[in-house]
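1. any chance you can model this:
(4 chains)
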Protein chains: 4
Amino acid sequence: MTIRATVWGENVHEQTNKLVGELYPKGMHGCIADALNTDPEIEATTVTLQDPEHGMTVEKLANTDVLLWWGHKVHGDVDDKIVERVAEAVWSGMGLLVLHSGHFSKIFKRLMGTPCNLSWREAGERERLWVTSRNHPIAAGLGDYFEIEMEEMYGEPFGIPEPLETVFISWFQGGEVFRSGVTYKRGAGNIFYFRPGHEAYPTYHDANVQLVLRNGVKWAYNPARRIANPTDAPNRPTEQALEKIVERGGKLHEHGEAGFR
Amino acid sequence: MTIRATVWGENVHEQTNKLVGELYPKGMHGCIADALNTDPEIEATTVTLQDPEHGMTVEKLANTDVLLWWGHKVHGDVDDKIVERVAEAVWSGMGLLVLHSGHFSKIFKRLMGTPCNLSWREAGERERLWVTSRNHPIAAGLGDYFEIEMEEMYGEPFGIPEPLETVFISWFQGGEVFRSGVTYKRGAGNIFYFRPGHEAYPTYHDANVQLVLRNGVKWAYNPARRIANPTDAPNRPTEQALEKIVERGGKLHEHGEAGFR
Amino acid sequence: MTIRATVWGENVHEQTNKLVGELYPKGMHGCIADALNTDPEIEATTVTLQDPEHGMTVEKLANTDVLLWWGHKVHGDVDDKIVERVAEAVWSGMGLLVLHSGHFSKIFKRLMGTPCNLSWREAGERERLWVTSRNHPIAAGLGDYFEIEMEEMYGEPFGIPEPLETVFISWFQGGEVFRSGVTYKRGAGNIFYFRPGHEAYPTYHDANVQLVLRNGVKWAYNPARRIANPTDAPNRPTEQALEKIVERGGKLHEHGEAGFR
Amino acid sequence: MTIRATVWGENVHEQTNKLVGELYPKGMHGCIADALNTDPEIEATTVTLQDPEHGMTVEKLANTDVLLWWGHKVHGDVDDKIVERVAEAVWSGMGLLVLHSGHFSKIFKRLMGTPCNLSWREAGERERLWVTSRNHPIAAGLGDYFEIEMEEMYGEPFGIPEPLETVFISWFQGGEVFRSGVTYKRGAGNIFYFRPGHEAYPTYHDANVQLVLRNGVKWAYNPARRIANPTDAPNRPTEQALEKIVERGGKLHEHGEAGFR
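-> Numbers count the residues shown, from 1 in each chain, chains lettered A, B, ... in the order given. A predicted model of the protein is given here:
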């Protein structure tokens, strides 16, 4: 029983920037999917922004256990209706990994309810990710820290809600820190934001980064059957109350009427 | 130094339903504002959906320390641009109290990132609100519980993120429970959702409910000067790094260029 | 690869009270272990207070993936040294399920840092447990609620820290509510408190209760190798610093000296 | 109406180490109290380990709104009974600020339920504290970060429960990070742990550190009347149930009997 992971790639810089294209000849999404597929428990495929419905068809989402999202340059090109569809899939139980510049993706901001802003610097500096939650499933197989020799800097304050758990905090050579691995739950969906992954560097070829991605997919996977109606607000009529009650007082709603939304 | 509270009222049922109009001749917003104004530390005013820009002008928001929001029948009529403006005010430090059916308001769903759905029944049944966080500022002056003799039922599962704190849990006569008082933080803004307040009942005339509203306003108030740029993502150029670093590796961004969003 | 669960039973009421003895001829711990062993992924054994070292030998803890704890009448008889040993096992990664009156066990209070107090009534009343986190692994296979026809009442306020997640909230016939399923993490150990289980009733024979226990064991299981040194505070000498630094200022500690504790 | 702060000082290094004695001629506690007393809303006094009952008499605790705790060398000398007394004061509503090496104090470990361990280095390196929660009351008046030129390093993983809020994260020159400002609630008591404060450096003379201490005292202050019975577990007899119920099933407890603990 494998976990079906779908890697969503923006796929713009890979096509327009020589440097990125050479680092990731199969696209960043392709590199990430390959890294996931080294694990027999995961079966990863890719879709991109340019696919019909950005690859996020109803059918594809229904067959995705965990979605990974990398976007940067054209967040605004993602259709709002697709964003809502993905959000609904998360609420119903699909796992979601948001990667690096995906902090500003519509779907992450939609699910967080915050600006998700930060400070940044593109200088190829050293990043050291410290594990703040020893033996967390997402950090399985890591020591107390790991290093990425060249990365973009993201600095605090990071405009996110208080995380459910903080798994990684980064140290940057230039003097900043950042909550680089944080978890959330939205509806039945587990969400993990993982910071590294600037397209100008070979980050997704890094063994530790790949390990965290595999761990993250397994952690985010919810084997329960997807919730059919994640946004329903059912009326429980008086005559079906679990404890016998007698209706009293005024009424706004007609019998059997749906609630206002 | 008083806290400037603004009570936002949808003001539809009060105008169209005789029962509601009689219970709240000054509107529910008027009743709530009166209850707040009994406290010398609070200075409450009202605005309604029908006001220009729904009363949520840039100026009004700048002069609001804590916003209270009651809506039900026409959530969809609230302009999306105004919702974003209110969200930004919250992120910058404005407090927000969301009341009863406001669980389905655009602004609450926007800030939560979840469906905020629940089950419901309009039967005038007894609700008993238990304090789950003794001596929480929002529960100041209350005993271990208080009762509302006739209320609409809201039942779990409630589609919200894990709260920062759970302050009240309700028992309902018909057999349900509900997390009736929950707190969140979004950016610099404190948020409190408070369940009671169905328009067909005299709930906002209840002394305990009024006390919780006053407590909630004081709790949500953040005296710090509002953040000017709650969504900014500033670049920190290499030459201004707090620790001296030397730029390395490839680059996507031109010097001084803004980040992608 | 099975999960090794150990059920710790106080085993006093079963021996001294006819009613309890008849409900649980193999002890409550025996009944619980049988329920767990219906799942091929779990291998459950039992120990009791009366065993040498209360059954919590170093070896037994090393071979326990998830510990379940039921105690009530003689919490005080558990040796403080054993409590510390169990706490250390939790910090190093052992899962822990605390059951019913175990809210007042030394180990639960030790790990929570709070009084863990509540109100109670022994009247055989109806309890209805509502799921507050749809599709949470601990609630897998349940609908929105389940009922126990006769149970002891536990009422809020419950003197616990804010949970990581609230999974169940109970409705009681006599008018109270209670956070009946809450999760925590302490060190690398997952903790789940589950309320039902008064010894005067056949609660642990209930199919839904048994399902939650099995779910809970699987949820609490952390497959990572146990942390060898969960309380160590290592010195990182200047000459081994990850970034080159030069020692400055006054010093209290001699070179290589352990820290104060 | 001033906040009554009590600064608890271990007062050992000040007496035995020339360096510390010269940096803090009035003791570290004296320096901290002086910093608090510059604020007209705070009235700070000091007690030390060497005082009768370590200065933590029933009367002193009853007259303390917020307690600050600095200890290091002789945590073990604090009487366990006094630790319980202080814990009970916190549960009943007293605020608590735990400072620097106080992470290993009995009272902090007692309230956290975790080892509170970390890694450390005494090298007088630069620490930069980043604000992770903009406009949090504890960070009022600060920019996005502040620096301490010479400090002891504390490094992750820090063995604490997931905080309610993370307010500061430190960057260290030698390559580590640390959650330097974290909040908790235990019972009705607000708790703030604040990292800086190694006794070999002039940290408590730093203006920003002093500002955070004043902010922290105000944040931790709970004006509600102290809870009289923070550990009680009252029986609610059937005949006093809020909803009428009829007693059923077996019984362990005699009428009016206290619960087991």
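2. tell me the secondary structure for the closest residue to chain C within the stretch 1-150 of chain A?
-> As assessed by CB to the nearest CB, chain C sits closest to A:Asn135 within the stretch 1-150 of chain A, at 3.5 Å. Using the backbone N, CA and C atoms, a C-beta is placed for each residue, glycine as well. Following DSSP: H, G, I helix; E, B strand; the rest coil, the label given to A:Asn135 is coil.
3. name the nearest residue to it, ignoring sequence neighbours.
-> Leaving aside its sequence neighbours, A:Asn135 sits nearest to C:Ala188 (CB to CB, 6 or more residues apart in numbering or on different chains; 3.5 Å).
4. if I pick that neighbour, what's in contact with it?
-> Going by CB atoms under 8 Å, 6 or more residues apart in numbering or on different chains, C:Ala188 touches A:133-136, C:91-93, C:222, C:224, C:226-227, C:230.
5. kindly recompute the last result at 6 Å.
-> Each residue near C:Ala188 by CB atoms under 6 Å, 6 or more residues apart in numbering or on different chains is listed here: A:134-135, C:93, C:227.
6. just the strands in the stretch 51-200 of chain A please.
-> Using DSSP state E, counting those that start in this stretch, the strands of the stretch 51-200 of chain A run over residues A:66-70, A:95-99, A:119-131, A:145-155, A:165-172, A:177-186, A:189-194.
7. out of those, flag the one nearest D:Gln210.
-> Among these, strand A:177-186 comes nearest to D:Gln210, with 22.8 Å by CB to CB.
8. what angle do that closest one and strand A:119-131 make?
-> Following axes from the mean of the first three to the mean of the last three CA atoms, to 10 degrees, one obtains 80 degrees for the angle between strand A:177-186 and strand A:119-131.
9. quick one: list the elements packing against strand A:177-186.
-> Contacts defined by 3 or more CB pairs under 6 Å, 6 or more residues apart in numbering or on different chains; DSSP states H and E place strand A:177-186 against strand A:165-172, strand A:189-194.
10. does chain C have contacts with the shortest one?
-> No - shown here: strand A:189-194 not in contact with chain C (CB under 6 Å from any CB of the partner chain), separated by at least 8.8 Å.
11. what's the answer for stretch A:60-70, then?
-> No - Stretch A:60-70 is not in contact with chain C by CB under 6 Å from any CB; minimum separation 12.9 Å.
12. list of residues touching that stretch?
-> A:3-9, A:28, A:89, A:94-99, A:102, A:105, A:217, A:220-221.
13. now that stretch, how far from the centre of its chain.
-> Relative to the centre of its chain, stretch A:60-70 is centred 10 Å away, using CA atoms, centre = their mean, to the nearest Å.
14. list the buried residues of stretch A:221-236.
-> A:221-222, A:226-227, A:230-231, A:233, A:235-236 (16 or more other CB atoms under 10 Å in any protein chain shown).
15. quick one: which of those is nearest to chain D?
-> For those, the nearest to chain D is A:Arg236 (19.0 Å; CB to the nearest CB).
16. out of everything not next to it in sequence, what's closest to the closest one?
-> B:Arg121 (4.6 Å).
17. that neighbour pairs with what?
-> For B:Arg121, the beta-bridge partners are B:Met153 (DSSP bridges).
18. verify the contact between it and A:Ala233 for me.
-> No - in this structure, B:Arg121 is not within contact of A:Ala233 by CB atoms under 6 Å, at 11.4 Å.
19. show me what from the stretch 1-150 of chain A comes close to chain C.
-> A:93, A:134-135, A:140.
20. mind putting those residues into a markdown table with pLDDT?
-> A markdown table is the format used below for the residues of the stretch 1-150 of chain A next to chain C (pLDDT from 0 to 100):
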| residue | pLDDT |
| --- | --- |
| A:Gly93 | 98 |
| A:Arg134 | 95 |
| A:Asn135 | 94 |
| A:Ala140 | 97 |
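21. about what we covered before: the residue of the stretch 1-150 of chain A closest to chain C and B:Ala188: what is the separation?
-> Going from A:Asn135 to B:Ala188 by CB to CB, to the nearest Å gives 34 Å.
22. cool, A:Ile169 as well?
-> 21 Å.
23. how about A:Gly174?
-> A:Gly174 is 26 Å from B:Ala188, by CB to CB.
24. my read is that A:Val182 contacts A:Arg195, right?
-> No - in this structure, A:Val182 is not within contact of A:Arg195 by CB under 6 Å, at 9.0 Å.
25. run through the residues that contact the closest residue to A:His253 other than its chain neighbours.
-> Closest residue to A:His253 apart from its sequence neighbours, by CB to CB, 6+ apart: B:Glu122 at 5.2 Å. Going by CB under 6 Å, 6+ apart, B:Glu122 touches A:251, A:253, B:152.
26. tell me what A:Glu165 is bridged to.
-> A:Glu165 has these beta-bridge partners by DSSP bridges: A:Thr183.
27. report pLDDT for it.
-> On pLDDT, A:Glu165 comes in at 98.
28. count the neighbours of it for me.
-> Here the number of neighbours of A:Glu165 (other CB atoms under 10 Å in any protein chain shown) works out to 17.
29. measure it to B:Lys251 for me?
-> For A:Glu165, the distance to B:Lys251 - CB to CB - is 34 Å.
30. cool, A:Gly9 as well?
-> Using CB to CB, A:Gly9 is found at 21 Å from B:Lys251.
31. tell me the pLDDT at the residue nearest to A:His253?
-> As predicted, B:Glu122 sits at a pLDDT of 96.
32. need the residues of the stretch 151-261 of chain A near chain D, please.
-> Going by CB under 6 Å from any CB, the residues of the stretch 151-261 of chain A near chain D are A:156-157, A:162, A:165, A:169, A:171, A:175, A:177.
33. in the sheet, who's paired with A:Gly9?
-> Residues in a beta bridge with A:Gly9, per DSSP bridges, are A:Thr48, A:Trp70.
34. among A:Val182 and A:Arg195, which residue is more densely surrounded?
-> For A:Val182 and A:Arg195, the more surrounded residue by other CB under 10 Å is A:Arg195, and the numbers stand at 28 against 23.
35. the closest residue to the more buried one other than its chain neighbours: how many residues sit nearby?
-> Sequence neighbours aside, A:Ser180 is the residue nearest to A:Arg195 in space, at 3.6 Å (criterion: CB to CB, 6+ apart). Neighbour count of A:Ser180, defined by other CB under 10 Å: 26.
36. I'd assumed A:Leu129 was in contact with A:Ser180.
-> Yes - using CB under 6 Å as the test, A:Ser180 is close enough to A:Leu129 to be in contact (5.5 Å).
37. element containing A:Leu211, please.
-> Taking DSSP states H and E as the criterion, A:Leu211 maps to helix A:207-220.
38. may I see the buried residues of that helix?
-> Under the neighbour-count criterion of 16+ other CB under 10 Å, helix A:207-220 has A:208-220 buried.
39. if we can go back for a sec, from the contacts of B:Glu122, pick the one nearest chain D.
-> Closest approach between the contacts of B:Glu122 and chain D, by CB to the nearest CB: B:Glu152, at 19.0 Å.
40. for stretch A:242-259, the distance to its chain's centre please.
-> Relative to the chain's own centre, stretch A:242-259 is displaced by 40 Å; criterion: CA atoms, centre = their mean.
41. distance of A:Arg110 from A:Val98?
-> Per CB to CB, A:Arg110 is found 11 Å from A:Val98.
42. who's more crowded, those two?
-> Between A:Arg110 and A:Val98, counted using other CB under 10 Å, the more crowded position is A:Val98 (26 against 18).
43. the more buried one reaches A:Lys109, doesn't it?
-> No - counting by CB under 6 Å, A:Val98 does not reach A:Lys109; the two are 10.0 Å apart.
44. contacts for stretch A:175-184 next, please.
-> Contacts for stretch A:175-184 (CB under 6 Å, 6+ apart): A:129, A:153-156, A:158, A:163-170, A:191-195, B:242-243, D:128, D:130, D:169, D:171, D:177.
45. average pLDDT for that stretch?
-> Stretch A:175-184 comes out with an average pLDDT of 98.
46. which residue packs closest to A:Thr64, ignoring adjacent ones?
-> A:Thr6 (4.3 Å).
47. shouldn't the one you found be within a strand?
-> Yes - counting by three-state DSSP, A:Thr6 is found in a strand.
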